[in-house]
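Engineer: Structure for the following, please:
(chains A and B)
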Amino acid sequence: MSAESAVATPEELKARIEAGIPGAAATVTGDGHHFNAVITASAFRGLSRIAQHRLVYEVFGAEIGGRIHALSIQTQVGEPA
Amino acid sequence: MSETNPLREEIQNAITENPVLLFMKGTPDQPMCGFSARTVAILQSVGKPFAAVDVLPDPRIRQELSALSNWPTVPQLFVNGELVGGCDIVTEMYESGELQQSLGAEAEEAPAPAPDVAQPESKPLSIEDLR
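Structural biologist: Residues are numbered from 1 along each chain as shown, chains lettered A, B, ... in the order given. The predicted model follows:
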């Protein structure tokens, strides 16, 4: 695990998603354990929903289900504003 | 690590043998997590029979399932041997009518918003049933 603080924040998740997925813009809400992310990314183009969600999960690896207890994801293809 | 892995084979067999299979926390009658409850409620609303495996009795089930499916979370819905997705994707597909289509059910004219409450109905499949 990285040097991230013990409690995850929506701001941290947003920053990591946007850094980890090319052309991504994310809106993240959450309480430190359960999060919801709405993500628009050019990288999603041509991918199945499964593949789009995997891209997001890959940003967080083993933190999903652990430090990040639950992450709901909605994906959209597009360019960030 | 490449020698035979009986548990993973059982999971793979269950996926192959059940046209609609949900891996979940708890049982359809008694879901132990909100995401599993919501997914069960959606499947019951579609009205096609489905099998369910509770991953909670043995943590290795979840571990092997995720390794097999390359998907980190539970619930996981499989249709005809293919991973469809978790709660978010199942919800989206239900609301767009794609889920009804892939399960061979008629989509309603205007699909209702995804239901929230699970109604006990389906028979849980325990990991013993896989043996």
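Engineer: Without its sequence neighbours, what residue ends up closest to residue A:52?
Structural biologist: In this structure, residue A:52 finds its nearest non-sequential neighbour in residue A:75, 4.1 Å apart by Cβ to Cβ, 6 or more residues apart in numbering or on different chains. Bear in mind the C-beta positions are built from the backbone N, C-alpha and C, glycine included.
Engineer: er, residue B:19 actually
Structural biologist: residue B:80 (5.7 Å).
Engineer: and that neighbour, how many neighbours?
Structural biologist: 13 (other Cβ atoms under 10 Å in any protein chain shown).
Engineer: wait, it sits on residue B:21?
Structural biologist: No. With contacts counted by Cβ atoms under 8 Å, residue B:80 stays clear of residue B:21, the gap being 9.7 Å.
Engineer: With just CA atoms, put stretch A:25-33 into CSV.
Structural biologist: Presented in CSV, the C-alpha positions along stretch A:25-33 are these (Å, rounded to 0.1, in the frame of the first residue of the first chain):
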residue,chain,number,x,y,z
ALA,A,25,-13.0,13.4,-15.4
ALA,A,26,-14.6,12.0,-12.2
THR,A,27,-17.2,13.1,-9.7
VAL,A,28,-16.7,11.1,-6.5
THR,A,29,-18.9,11.2,-3.4
GLY,A,30,-18.5,9.1,-0.3
ASP,A,31,-18.1,8.7,3.5
GLY,A,32,-14.6,7.3,3.7
HIS,A,33,-15.7,3.7,3.2
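Engineer: List the buried residues for that stretch?
Structural biologist: For stretch A:25-33, a neighbour-count test (16 or more other Cβ atoms under 10 Å in any protein chain shown) marks A:25-26, A:28, A:30 as buried.
Engineer: and those as CSV, adding distance to residue B:53 and secondary structure?
Structural biologist: Listed next are those as CSV, based on distance: Cβ to Cβ, whole Å; DSSP: H, G, I helix; E, B strand; the rest coil:
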residue, distance to residue B:53, secondary structure
A:25, 37, strand
A:26, 32, strand
A:28, 31, strand
A:30, 29, strand
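Engineer: Let's see the pLDDT reported for the residue of chain B found nearest chain A.
Structural biologist: The nearest approach of chain B to chain A comes at residue B:72, 4.5 Å away (Cβ to the nearest Cβ). Note for residue B:72: predicted pLDDT of 95.
Engineer: what's the answer for residue B:2, then?
Structural biologist: 57.
Engineer: so which strand or helix has the residue of chain B closest to chain A?
Structural biologist: Under DSSP states H and E, no helix or strand contains residue B:72.
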